[in-house]
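Chemist: Based on what follows, work out the 3D shape:
(one chain, ligands or ions: 1)
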Amino acid sequence: HEAQLFHDHKMAAIGQLAAGVAHEIRNPLGLIRNYTFIMKRSDSDPLLLKKSLQLIDQSVEKASNVIDNLLNFYRLADSDFREINLKTLIEEVVSLNENLMKDHTVYCRLVLHDVSIKTCEASLKHILINLLNNATDAMPQGGQITVSLREKPDTIELRVIDKGMGMSEETREMIFHPFFTTKRSGKGTGLGCYIVYSELVKLKGEIAVISKQHVGTTMVIKLKKAAGDHDEA
Ligand code: ADP
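Modeler: Presented below is the predicted three-dimensional model:
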């Protein structure tokens, strides 16, 4: 019975994913069709041809970005896993995000200590950037984000804590679905949390979401300490 329930859930998610992909790809395809139409009618006007080609290029780029972000096409190889100092990595990402934070008058408080685990640096950065972006967006009036590291016997817990708008129960249940967003169009892609989730699958990590509306959100990332726990050859 439970297995069936899980299966239904998964099928529904796949259906949503397909609908999302169709929608996101149809836009750039439609644009490409328009530009090729213009090109055919251009009477070889070089300026018009050049501009159309540029716009076609952009649309192709957009469509292929959607696919790249969406599907876990690349799997991590053993060589992608290295001993990484998490404190250094977090400090690096946070200072890179500083500009973004300044705009929003959001600042980061770091509660870190030196701890290293064998992990994939690029994946972890990708995760952290997305969590910081969401925490920043959750506090349009500004405020403090806390990023902390906590060591447990077998795991490391990385927390990104904001005192922002928080989420309703319904939103919290949806955030890992691709293309789900509550942000105005043009602002949100709805891919951030999906990316966090798929990167964590690759790292064999876990995420917990603790959120209360008008109070804030805590994202808890759990990473295994033990090295070599991934099965890629
Ligand atoms: P996007 O940020 O483009 O909307 P995400 O997948 O990153 O896409 O997030 C999906 C939704 O989850 C957001 O639109 C927002 O409603 C909710 N969300 C994610 N992180 C937070 C947060 N820290 N605080 C409040 N809401 C959040």
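Chemist: In three-state terms, how would R159 be classified?
Modeler: Following DSSP: H, G, I helix; E, B strand; the rest coil, we place R159 in the strand state.
Chemist: What does the pLDDT read for it?
Modeler: Turning to R159, the model gives it a pLDDT of 98.
Chemist: nearest spatial neighbour of it, skipping sequence neighbours?
Modeler: S148 (4.7 Å; Cβ to Cβ, 6 or more residues apart in numbering). Heads up, the C-betas are built off the backbone N, CA and C, glycines and all.
Chemist: Please list the residues of the protein that sit near the ligand.
Modeler: Neighbours of the ligand within the chain, by Cβ under 6 Å from any ligand atom: 130, 134-135, 138, 162, 164-167, 171, 175, 180-183, 188-194, 217.
Chemist: Report the buried members of the residues you listed.
Modeler: 130, 134-135, 138, 162, 164-167, 175, 180-181, 188-194, 217 (16 or more other Cβ atoms under 10 Å).
Chemist: Restricted to helices, list the residues you listed.
Modeler: Mapping these onto helices (DSSP state H) picks out N130, N134, A135, G192, C193, Y194.
Chemist: For the residue nearest to the spatial centre of the chain, which residues are in contact?
Modeler: With distances taken as Cα atoms, centre = their mean, G192 lies nearest the centre of the chain, 2.8 Å away. For G192, the contact set (Cβ atoms under 8 Å, 6 or more residues apart in numbering) comprises N130, N133, N134.
Chemist: if we take those residues, which one ends up nearest to P153?
Modeler: N130 (27.8 Å; Cβ to Cβ).
Chemist: buried set for stretch 127-140?
Modeler: So stretch 127-140, judged by 16+ other Cβ under 10 Å, has buried residues I127, L128, I129, N130, L131, L132, N134, A135, T136, D137, A138, M139.
Chemist: related to what we said a few turns ago, from the ones in helices among the buried ones among the residues of the chain next to the ligand, which single one is nearest the ligand?
Modeler: G192 (2.2 Å; Cβ to the nearest ligand atom).
Chemist: Next, work out how far apart the closest one and M219 are.
Modeler: With distances taken as Cβ to Cβ, to the nearest Å, G192 is found 11 Å from M219.
Chemist: Quickly list what's touching both of these two.
Modeler: Common neighbours of G192 and M219 (Cβ under 8 Å, 6+ apart) are N134.
Chemist: name the element the residue in the chain sticking out farthest from the centre belongs to?
Modeler: Distance from the C-alpha centroid of the chain, by Cα atoms, centre = their mean, peaks at D43 (43.9 Å). For D43, there is no enclosing helix or strand under DSSP states H and E.
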